[in-house]
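J.: got a predicted structure plus its sequence, pasted below:
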Amino acid sequence: MKVLTWNVNSLRTRLPRLLALLEREAPDVALIQEVKMLEEEIPYDRLAAAGYSALVNGQRTYNGVAILSRHHGEEIARAFPGDPVPEEARVLAARVGGLTIVCVYVINGQSAGSPAYERKLVQLRSLRDWITSTFDLEQPVLVGGDFNLAPDDRDVWDPAGWKGHTHATEPERAEFRALLDLGFADLFRLHHDEGGVFSWWDYRQGAFHKREGLRIDLLLGTEPLARRCTEVRIDRNERKPSAGEGAPSDHAPVIATFDD
DNA sequence: ATGGTTGGTCGCCAA
């Protein structure tokens, strides 16, 4: 089984690249963030032609999340108690085969101490409370998406410069560690100890070329899933310009492989 | 600290 997560920064703009990625990697499941489309605008036919059904929690202009799967998925939820921004489409949970999947797009937080940052901390806490009270974490559960936080300094290109800034503050990291403490593994870290491997680079100032990024796109798995995880990689090539498929997202896909 | 670039939408907001 192969699962990936990718913040596409507009499904409309990124569709040619998404279809190429699906063909190239042939994941069983793809968690997608920043769809920025209403459900009625989703190109279900194009996705179906590529072999995927789509569950979508859509929104115009901002946010929007989707779960694509080769086999039929069943929606579980698109909201959770205590979400400080229930009007924003940032979560979608589904059952696909024997797997429970939660696709998340966590609040960015703008700057540490801002109202948006405070909402981000509340969202992370509420998300954790919902997950622990709703799902059987002895079973295979995958929580993945754009967490808008770098779990530790290995996940930040300039830890000194980012110290205290949103995505790298201690309260965000404490919320993340508390989520892991429910019984999740950061699947990338099962296979990689090194720093400097990132999933997001600012569009500006040639950040990608200078390797100035963050690892904020994460796949978390409960133990029954984590023990089957054989590989996690980040497809840096997807962040580069490509001929014929349009501009890249500012995020690269994170791709995990599992024994069946 | 600010600014730079991208996307959605058409004067800006969000990232």
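T.: It's in.

J.: contacts, neighbours, all on C-alpha from now
T.: OK.

J.: tell me the residues on the stretch 151-260 of chain A that lie near DNA strand B, please.
T.: A:203-205, A:247-249 (C-alpha under 7 Å from any atom of the strand).

J.: residue A:133: which of the residues you listed is nearest?
T.: residue A:249 (34.2 Å; C-alpha to C-alpha).

J.: hmm, residue A:9 and that closest one touching each other?
T.: Yes - Residue A:249 is within contact range of residue A:9, at 5.7 Å (criterion: C-alpha atoms under 8 Å).

J.: with neighbour numbers in mind, choose between those two.
T.: residue A:249 (24 against 20; other C-alpha atoms under 10 Å).

J.: for stretch A:85-102, measure first residue to last.
T.: Start-to-end span of stretch A:85-102 (C-alpha to C-alpha, to the nearest Å) is 17 Å.

J.: please work out which residues outside it touch it.
T.: A:33, A:56-59, A:63-67, A:69, A:71-80, A:103-106, A:119, A:140-144 (C-alpha atoms under 8 Å, 6 or more residues apart in numbering).

J.: how about it: buried residues?
T.: Residues of stretch A:85-102 classed as buried by neighbour count (16 or more other C-alpha atoms under 10 Å): A:88-94, A:96, A:100-102.

J.: so, in contact with DNA strand B or not, that stretch?
T.: No - contact of stretch A:85-102 with DNA strand B (C-alpha under 7 Å from any atom of the strand) is absent, the minimum separation being 9.4 Å.

J.: report the distance from that stretch to the chain centre.
T.: 11 Å (C-alpha atoms, centre = their mean, to the nearest Å).

J.: in which helix or strand does the residue nearest in space to the middle of chain A reside?
T.: In chain A, the residue lying closest to the centroid (C-alpha atoms, centre = their mean) is residue A:145, at 1.3 Å. Taking DSSP states H and E as the criterion, residue A:145 maps to strand A:141-146.

J.: what strands line up against that strand, and which way round?
T.: Applying DSSP bridges to the sheet, strand A:141-146 is found paired with strand A:99-105 (parallel), strand A:217-222 (antiparallel).

J.: include distance to residue A:28 and mean pLDDT when you put those strands into a markdown table, please.
T.: Shown next, in a markdown table, are the strands paired with strand A:141-146 (distance: least, C-alpha to C-alpha, whole Å; pLDDT from 0 to 100):
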| stretch | distance to residue A:28 | mean pLDDT |
| --- | --- | --- |
| strand A:99-105 | 11 | 98 |
| strand A:217-222 | 15 | 98 |
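
J.: the strand holding residue A:145: what's the following helix or strand?
T.: Past strand A:141-146, the next helix or strand by DSSP H and E is helix A:159-162.

J.: show me what from the stretch 1-150 of chain A comes close to DNA strand B.
T.: A:9-13, A:36, A:60-62, A:107-110.

J.: filter those down to the buried ones.
T.: For those, a neighbour count by 16+ other C-alpha under 10 Å gives the buried set as A:9-11, A:13, A:36, A:107-109.

J.: farthest-apart pair in those residues, please.
T.: Going by C-alpha to C-alpha, the pair spanning these furthest: A:13 and A:109, at 24.6 Å.

J.: can you give me the strands in chain A?
T.: Ranges of strands within chain A are A:2-7, A:29-33, A:53-57, A:65-69, A:73-77, A:91-96, A:99-105, A:141-146, A:184-186, A:200-201, A:213-214, A:217-222, A:229-234, A:254-258, based on DSSP state E.
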